[in-house]
Each structure stands twice: as C-alpha cells, then as structure tokens.
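Asks: Quick check, what structure comes out for this input:
(chains A and B)
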Amino acid sequence: MYAFDFVKAASVEEAVSALASGEAQALGGGQTLIPTLKARLADPGTLISLAHIDSLKFVRAGDGMVEIGGGTTHATVAAETAQTYPGLADLAGRIGDPSVRNRGTIGGSLANNDPSACYPAAALGSGATIVTNSREIAADDFFEGMFATSLEEGEIVTAVKFPIPEKSHYEKMAQPASRFPLVAVFVAKFADGVRVAVTGASNDGVFRWAEAEKALSADFSVAAVQELKHSDDDMIADLHGTAAYRAHLIGVMTRRAVAQMV
Amino acid sequence: MAQGSLIGQSLPRVEDDRLLDGAGCYIDDVALPGMMHMAILRSSDAHGRITALDCSAARLVPGVIDVFTAEDWPQDMPVIPMRLIPLESSVPFLQRPLAQGKVRYVGEPVAVVVARDRRTAEDALEFLELEIEALPPVVTRDQALAATGDALMVPEVGTNISAQYQIGRGDIEDAFARADVTLKKTFQSHRHTAVPLETRGTIAVFDIAAGKLTIHGASKVTFFNRAELAKAFNLRNDQVDLITSDIGGGFGVRGELYPEYYLAAEASRRTGRPVKWIEDRREHFAATNHSRDVDCELEIAALKDGTILGMRGQVRADMGAYIRTNGNVVPAKAGQFLPGPYRVPAFACEVLALVTNKTPVGTYRGPGRIEANFFRERMLDCLADELGMDPAALRMKNLLGAAEMPFDTGDLLPNAQKVVFDSGDYPATFRKLLDECDWDAPAQVHSDGRLHAMGLACFNESSGGGLYENARISVAASGQITVSTGSSSMGQGVETAIRQICADALSMAPERITVALSSTTLLSDGVGSFHSRSTVMAGSAVGQAAAELLDQARGEAGRRLNAAPAELDYSDGVFRVMGQSDRSIRLSDLSAMLSDQGGLDVESRYEQAPLGFSFGAHAAHVAIDPGTGDIEVLDYWVVEDVGRVLNPALVEGQTIGGVVQGLGDALYGELVYDDMGQLLTASFADYLLPTSTEVPDIRAVATGDYPSPHNPYGFKGAGEGGIVAVAAAVGNAIARAIGPAGDAICQTPFHPEKILTLLHAAKKGKQ
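Replies: So this is what the prediction gives:
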C-alpha cells in the first residue's frame, strides 16, 4: 500500500469539495478499493471516506419505489427490502460473505461497476435511477462498460431509486469462496414488460439481453426462452470459464430465473 | 492413575485456549528493539539473464539502511541443500538465496532492501532498476524434455531432467502377456499448494560480537535448518538458535529451509540489527513451495475376474526451477505409491523429475500419495467399468489381507531403502467403509434434477521415519514437568499428543505437564514434524525418556528411602515402599535433592524402526448439475486404521481437516501459468479456497485394529489419511455420475465447465 492522506467526510458537500482536489478518491465500504490499494495497484493521494455520512444511509419505500441511500450496506438492503422488494433483498443477501455485506455499500458497488458485481444487474434489470450529488441518471445510461460509468470526476452516488416489479428473481452461478457471479441474470417482470440484466458475462460489463426481454414480454414462460442462445462474442474468458461457457450459462440462468417466477 | 490409561482418551487440545483467546504468539507478534524490516525484489520474469541491477536510487530512499544483491554476498553464496531423497543428478539444480546472473521463475529473490519499516522497504523496491534479457521460458513437461540451448535451466548440464530412474517388482512382461484385459490412460495431478492462514515469516538476529545467530519463527525441521545456517555463516551449531513460535498452519510447506532465512540472516549480519520479514499473500503464491504437478501414463493388466496382474507406467514431475530441500520426494512417492494397497504382483515404473521456469516444488501434506492414489484409483474404476464389475468388488479382490503381512513392496525407491507394509487387514477395513457409506444399498433416486453418484478410493500411507527423534523431560522442584521434542507444532495438535503421552508415561495428571517444542535451545538434537511422524516418533521418544527418567528416579528414591528399587511402587509422581504408605518420596523432591546435578532431567533419542503403514478408504457422494456442470459434494466418509489411537478427537480433527483441504485442492485451488511463465493465480480472487459452506457432511472413523509392531505404542500416522484419497474418491464419484462421459475424468482439478463439456460431447456422440 502506498501512503495516502485520509479525510473522513461528515456530509456529501464536504466529500464533494474534498474530491475536487486532484488525486482524491472516494472510499465507500472499501471491499474493492482496499484490496486494490494493498496490492499497490492504486495510488490515490487522498482517500475521502463516505462511511460516516449519515444522510447516505437509508432505505425508504413508497409509490411503487424503493429508494436506497448510496452508503447503505448490502446487509441493510437485504434486511430492509425483504418485504417491499424481495428479489432485490435476495440479491443483496447473497453478495460475498457476511463481512463483505456488512461493509460494502450499494453506491460503491454501482460506482465501481465491476463486470462481475451483483448490484449492477439489479439496477439495470429494475430500470433503476441512480441519484448523485448533482443529477439523476437512468440505469440504462449509467453503465458504460467494464469499471466505467457515466459518473463525472468527483460525482458521488447518493441514492438509487428502484421501481418495484410485479415479480423478480436473481439467478447466480456463484464462484466458490468469493461468491462473485461467474454469470448471473436478474429478471424483473413489470406491468409493461420484462427486463433481463446479465452480469459476470460480458467484457462490456452488465447488459440487457434484448432477445430474452422480447420473448418474455410476449410470453412469460420458460418455454419462451428455452431455445434462446446468447452469442459468445465479447464474453469474458478467464481462468474460471471460457466465453462459450459464459454464453451457455446466460441461457441456463435466465431459464432458471423465469422458472422461479412462473 | 495407571500407565496406559490415557492412551485412547479424547483429551481436549491444550493449545486451543491460548490460540482461540488471541493469546497465541505468532512470528509477526514478535518485535525486538531496533528491529528493521526486509522486503525482497522478486523476478517478474520467468527466465532471463540479469543484464543490469542498479541499487543506487533505492539506497537513497529515506529510511532505507541497506540494499544488497548476489554480488554483495561476502563469499560464495551458500547452496540450499536437499534434505530428503537427494539424488546426485539433482545437485546442479539446487537454489542459492539470491538469483545470480539469471532468473529462473517469477518470484525468485533478486535483491533485498532493509528499512526502518515494511512500507519504506516496499516503496524502495520500486527504485531498484533491474534489467532482464529474456530467455525462452519452459513451462510444461514436454517443453522441459525438448529443451536445448537457452531453454536449459543450467546449460552446462545439457538437460532439464533432474532425476530419472526405474522402479519395479515381478515380471512385468509376463503379466501383460497373460492379461485378459489391459487399459492404458494418461492422468494428471495439477499444480497447487498449501495455503496456511499465516504466511511465512522470520526475524533474524545476528549478534556479531557475541558470535550468535538467532532465527525466530522457525518450525518443522529446526535442527537441520540450524546446522545448514551455521555452515552458511561459518558458525558452529551451538552458535545458532532457531526459536519456534505459534504457527497458523504448516501442511509441509512451512519451516523448510527457504532462501528467505538466509536473506534475513545476511541482512541482520550486514546491518547489525534484528531484521523481520513477513511474507505477504502474493509472495506466498509465488515464493512458497508449490506441490503436486505430476502426470502419469499408466497401464494395467488384469484377468477377466478382476485379478490385477500388473501395472506399468511413467511418472513425470514438474519440479519448477530449482530442487529445494524436499529433494525428489514428490516424484519418488508418486512412483512408490502407484501400486498402493493392492497385490499387484508385477510393477514397473519410470520416474522422471523435470525442471521448468516455475516456482520450485516441495512437499505438501501427502506428497506423491495424492497423485498416485488419484492415478491408480481412477484406473481401477475404469477397469471395473471395462469388466462390468462393481468397483468395490474389484478392490476387495485385490487388497492385501492380514495373511500377507508383512508385505515386502520390492524396490520402489531410488535410494534402495526397503519398504515393507507392517500390519493390517485391508479388506476388513475397506468393508467398514462400505458399511459406513451403505455402498451395497440400492441406489437412491434423487429428484432434484441432478446426477448423483458415489465414488470410492483406497490408500495406504507410510508414517514415522526421519531416522530418530529426541525428547527431553525435566522435573521442577515445584512438581511441574516440562517436556520437549524435536517435533514442532504445525497447529496439528502435537502439544496435546505429547502432553498426553508424557502424562501417561509418568502416570500423572496432564495439567502437570508443560510442553515446549522444538526450539533448538530446548534439546541437544532433534528432527522435526513431517511425514505423519510426530506422534509416532516424538511420542515414542517421550515414552522412552519418561521410562529412563523413572528408572533413574527409582534408583535415587530407593537410596533415599532405604529400600531396594524393586520394592518401590510408583504412581502419580510418588514412589512408595510397597505396603508402607508412610515411606514415600515425590519426583519433585527427588529433583530438588539432585539440583547440584541439574535435577531430574533426561534427554533421550528414539531410533527409527521400519515405517508403519496405515490403510484407509474414502467414499464421496456427489451431485452434478447437468445445466451448468456444477459439482456439489454432499456426503463424505473416511475409515482409516491408524494403528493404536492416541486421541480419537485429534485424529478425527486431522481427518476432517484433511478432507476439507483435499476438496479445495480437487475442486478449486490451482496454480496456473501462462505460456510466458507468468503466474496467473496470485490472489484469493483467482486461487479459490473452500469455505464452510462448501464443506459436506464428513464422517471420519479411525479404527485401531492393527497396531504397528514397530513402535512401543503401536501408533501409525494420522496426519495425511484425510487428504490423500479425496481427489481419487471425488473423481470416481463424478465419473460415475456422468456415465460413459466420465471415462475422460483423468485430470484434476474438476471444474464445472470441464464436466459440462464432457456431458455435451457425450450427448453429441449419441445423436
């Protein structure tokens, strides 16, 4: 780990202003950033901790929406959305292990946009809105490829607004030990259509599987997606699985998610 | 309390209170006044010539007090020797503490920075300017065999074969000529290693004025390491102390004589300061011994009724870039254990050790056995399929029975050491496993959409060894007894075992015994902890030392009580004249009376007898998800006859821990290199370990039916039986679960994608 200065921000405003100085990096729950720092793969001059900003920690439900503060931990989301949005609660409750779930935050996960993270699938699959200190961004416009988002320098995710679907399910082929998805699919059925978001599979990060959405919107059944195959173009190929395997798993996970919902 | 009454009791682990309360003292808990910290520049290239190494900028980093390279070593750099199965042909491939002229694996130490803290030392590493001219990397066995010119590890030797020899017994040509059935397959056991929770570490204190070198954080084989470090730094043995501390797991990889011990000692010699080095996890993956990485072409000959006539093959081990202290143990044991616990009248095997541009290989829990058991037991299931036989019946037919013991295995080792299976009734013990796992019950139909099957594997396993072990017992005037052995704690519970044996031998409450293990200051000599030897060897040494101590005390007590020694009764630390309970004397009082001679204090050396062989069998129940290939191990059984059982709870813990470790190795952990010799798995994101949620229900049964005739207690080792057949049993279960496609299950690890590919290929074949 390289040496850095540490700022404990007390408010969003303070954090934003501290981030404006060069080489500063926001720190949420640190579940990605701290291991990166320990491996000397990042060298921020200053870390701005968001962990003590109380206004970022909340879960509110109403008007067919769940709104979650950016600093809310996965464990809190799992506990507090169990009644209002069980599909989201289930996803949050299966991220990593208890220590990850009690430190990691939804804002940190979305801002990092790891191509194998769970939350991006929920946000994109729900058609969520990402709220920052300066604007609101539709999930469809937020994710811009592996570890890339439309966030500007110094912009902080303050909340995420999830429209609550009629039904939803997150099906994950989890890596042993890390519980990162090898491939996972979030299926959400709304009155006006079905959204299918895939994580862990693509070199472009989380994405919507348009063909499956179309088929399921017309006929919400396993049969509707039985023969659908996703192309293996631009799928992630690494030690844990080839592109072809990941493409295959997209189909399997989608069918299993739907099977849980019908 | 009568002698013998504590043997067989599940005494709780004496070390647990300390370790679980956070009161343990690990090497990183030790801080010495004036201590500096060392960081090591390691090669990031697999193979190359060092063309430049400029340390001047690093020396100027504030807080850095020293930087050194191979060039700065005062004399010829010491060669790190082979401790086990040393073969002449391996000698040119021994490692020195720092790379000299060439680097041969990613992670090889090239330079050392000593600084006031670890962070400064690591910062300064980035100011070292190392230039390497790339040489062709050798990363596979086939490349090693084909290597010429610049691809040779040591060009003067002319080959990358570091050892090659033949072993065997019986008439192999005749066996294959008479066979009804022969099968030939190629197997592979992948490269992986032990991943102890606590990485390696040491503090070296070189006091030049006093002529004393102290190494903290030692373990496993402290006396051997002391002698070698003494040689390397021109000291006598008595000028070097190796001090052990608590240890967060050993598993064979900790405590060997690694380059870093020499580097810390040299850093301390140069700077006059204590120097600490704690390995980080990334270093651990590249610098600590790797293990396994053996392939095998195997052929079996049998009669139609399943009688095995012979086995022949070739074992090829990828040793990495250098031959380290474990010498040729991995390939030698992979060859030796190939015929396993079966009759196999004819056997012939060529053993090859090959050097490549990867991290050197050493021993890891069950070295060579894991590999051999996987190869042979998979082959037996394939043979059973070929013959249409039940795999259990095939094994039962060929296992060695009680009437065949002792069984001479023939010439299976390169150093002509004779190996004889001492005792056991292998079919009887195997029967117990079959009953435990209900093998003969009709197959259950599972309705969860997955493919279910059970797999079996048998093994036998040597234990003890290592020539001798020392134990010392001393009695304080307070009555407290201190016992020390050359065997050290690796976290395996040896403190409990030693205390139990000592308390039993002195017929005393265990609470009165303090155990202090393996620091070279505690005994005159000793050997260490490996090869499931601590209870067998150190335990026997403790029993022997206790008998000698009581003998000496009895004579002294007779003199003091005015009675013939034979008239004295002894129990609970007190000698009494028979029939006169008022005429008695305590051990502690005797020790106090003898204080001018050092009190009652006995060190005894127990000499090795032939090895004892345990026998055991594993069964695994797996379920395969046909959509993803995902593998779940649902149930696991181990039955092992470990000779006389000292402490059933300790044995059960050893076995369950071994199974869990074996499952991680068979299913998850793999050290992967790319074509350039870069290690791709240097963190827990890529090197996966099992967590509690991956652990199935494990039933571990230790029987004590067949004591070893070769040590006074009848013990056999129990440290490795849990791990050595996991890959074999799980592999067999997976193969049976996926039907004919399972014939191709010949390599570890078993990954979901591989299983799915086999299932898909089989489906296509059918269409």
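
Asks: Wait, A:R101 touches A:L91, no?
Replies: No. Using CB atoms under 8 Å, A:R101 makes no contact with A:L91, being 11.1 Å away. Where C-beta positions appear, they are placed from N, C-alpha and C, glycine not excepted.

Asks: phi, psi of residue 38?
Replies: No chain in the question, so chain A it is. For A:K38, the backbone dihedrals (degrees, to the nearest 10) come out as phi -60, psi -30.

Asks: excluding its backbone neighbours, what's nearest it?
Replies: Excluding the flanking residues, the one nearest A:K38 by CB to CB, 6 or more residues apart in numbering or on different chains is A:M1, at 5.3 Å.

Asks: Packing partners of the helix or strand containing B:R499?
Replies: According to DSSP states H and E, B:R499 maps onto helix B:494-505. Under the contact definition 3 or more CB pairs under 8 Å, 6 or more residues apart in numbering or on different chains; DSSP states H and E, helix B:494-505 sits against strand B:481-485, strand B:513-515, helix B:539-561.

Asks: So for the first one, mean pLDDT?
Replies: When pLDDT is averaged over strand B:481-485, the result is 97.

Asks: need the residues of the stretch 1-150 of chain A near chain B, please.
Replies: A:M1, A:Y2, A:A3, A:P35, A:A39, A:R40, A:D97 (CB under 8 Å from any CB of the partner chain).

Asks: if we can go back for a sec, out of the helices and strands packed on helix B:494-505, which gets nearest to A:F207?
Replies: strand B:513-515 (60.1 Å; CB to CB).

Asks: mean confidence for that closest one?
Replies: 96.

Asks: What is it packed up against?
Replies: When contacts are defined as 3+ CB pairs under 8 Å, 6+ apart, strand B:513-515 sits against strand B:481-485, helix B:494-505.

Asks: What lies in contact with the first one?
Replies: Contact with strand B:481-485 is made by B:469-476, B:498-499, B:502, B:506, B:508, B:512-518, B:522-523, B:526, B:534, B:538, B:541-542, B:545, as judged by CB atoms under 8 Å, 6 or more residues apart in numbering or on different chains.

Asks: If I take it and helix B:539-561, what angle do their directions form?
Replies: Compare the direction of strand B:481-485 with that of helix B:539-561 by axes from the mean of the first three to the mean of the last three CA atoms, to 10 degrees and you get 150 degrees.

Asks: got it, and the last one?
Replies: For helix B:494-505 against helix B:539-561, the angle by the same axes, to 10 degrees is 40 degrees.

Asks: Contact partners for residue 27?
Replies: All of this is about chain A. Contacts of A:L27 by CB under 8 Å, 6+ apart are A:L33, A:L47, A:I48, A:S49, A:L50, A:A51.

Asks: You answered for a different chain; I wanted chain B.
Replies: By CB under 8 Å, 6+ apart, B:I27 lies in contact with B:E198, B:G201, B:T202, B:I203, B:H216, B:G217, B:S245, B:I278.

Asks: What segments of the stretch 551-700 of chain B are helices?
Replies: B:587-593, B:648-667 (DSSP state H, counting those that start in this stretch).

Asks: out of these, deepest packed?
Replies: Among the helices of the stretch 551-700 of chain B, helix B:648-667 has the highest mean neighbour count (mean count of other CB atoms under 10 Å in any protein chain shown), at a mean of 23.

Asks: Can you give me the domain assignment for the chain?
Replies: In the absence of a named chain, this looks at chain A. A:5-49, A:54-163, A:167-259 (automatic domain parsing).

Asks: nope, chain B
Replies: Taking automatic domain parsing as the reference, chain B has its domains at B:31-135+B:195-287, B:291-464+B:610-766, B:466-607.

Asks: interface residues of chain B facing chain A?
Replies: By the rule CB under 8 Å from any CB, the part of chain B lying against chain A is B:119, B:122-123, B:282, B:627-628, B:630, B:667-668, B:670, B:672, B:680-681, B:683-686, B:688-691, B:694, B:752-753, B:756.

Asks: ok, B:L587 - contacts?
Replies: With contacts defined as CB under 8 Å, 6+ apart, B:L587 is in contact with B:V475, B:G479, B:L506, B:A553, B:G573, B:V574, B:F575, B:L600.

Asks: Let me know the pLDDT of the nearest residue to it once chain neighbours are set aside.
Replies: Setting aside the residues directly before and after it, B:L587 is nearest to B:G573 in space (CB to CB, 6+ apart), at 4.6 Å. Listed pLDDT for B:G573 reads 94.

Asks: these two touch, right, B:G573 and B:S588?
Replies: Yes. Applying CB under 8 Å as the test, B:G573 and B:S588 come out as touching, 7.0 Å apart.

Asks: Show me whatever sits in contact with both of the two.
Replies: Common neighbours of B:G573 and B:S588 (CB under 8 Å, 6+ apart) are B:G479.

Asks: circling back to that earlier point, which single one of the contacts of B:I27 is nearest to A:K8?
Replies: Distances from A:K8 to those, taken as CB to CB, are shortest for B:I278 (28.8 Å).

Asks: what about the closest one, how many residues close to it?
Replies: For B:I278, the number of neighbouring residues by other CB atoms under 10 Å in any protein chain shown comes to 19.

Asks: The residue of the stretch 351-500 of chain B found nearest chain A in helix, strand or coil?
Replies: Chain A sits closest to B:G449 of the stretch 351-500 of chain B, with a gap of 10.4 Å, by CB to the nearest CB. Assigned with DSSP: H, G, I helix; E, B strand; the rest coil, B:G449 falls in the coil class.

Asks: you'd agree it is up against B:P626?
Replies: Yes. At 7.3 Å, B:G449 and B:P626 qualify as touching, with contact defined as CB under 8 Å.

Asks: Looking at the two, which is more packed in?
Replies: B:P626 (17 against 9).

Asks: so what's the more buried one up against?
Replies: B:G449, B:R450, B:L451, B:L759.

Asks: again, but for A:M235
Replies: A:A201, A:S202, A:N203, A:A243, A:A244, A:R246, A:A247 are the contacts of A:M235 under CB under 8 Å, 6+ apart.

Asks: Repeat the analysis, applying 10 Å as the threshold.
Replies: Contact analysis of A:M235 by CB atoms under 10 Å, 6 or more residues apart in numbering or on different chains lists A:183, A:198, A:200-204, A:241-250.

Asks: Chain B versus that one, what's the distance?
Replies: 13 Å (CB to the nearest CB, to the nearest Å).

Asks: For that residue, give the beta-bridge partners.
Replies: As for beta bridges, A:M235 partners with A:S202 under DSSP bridges.
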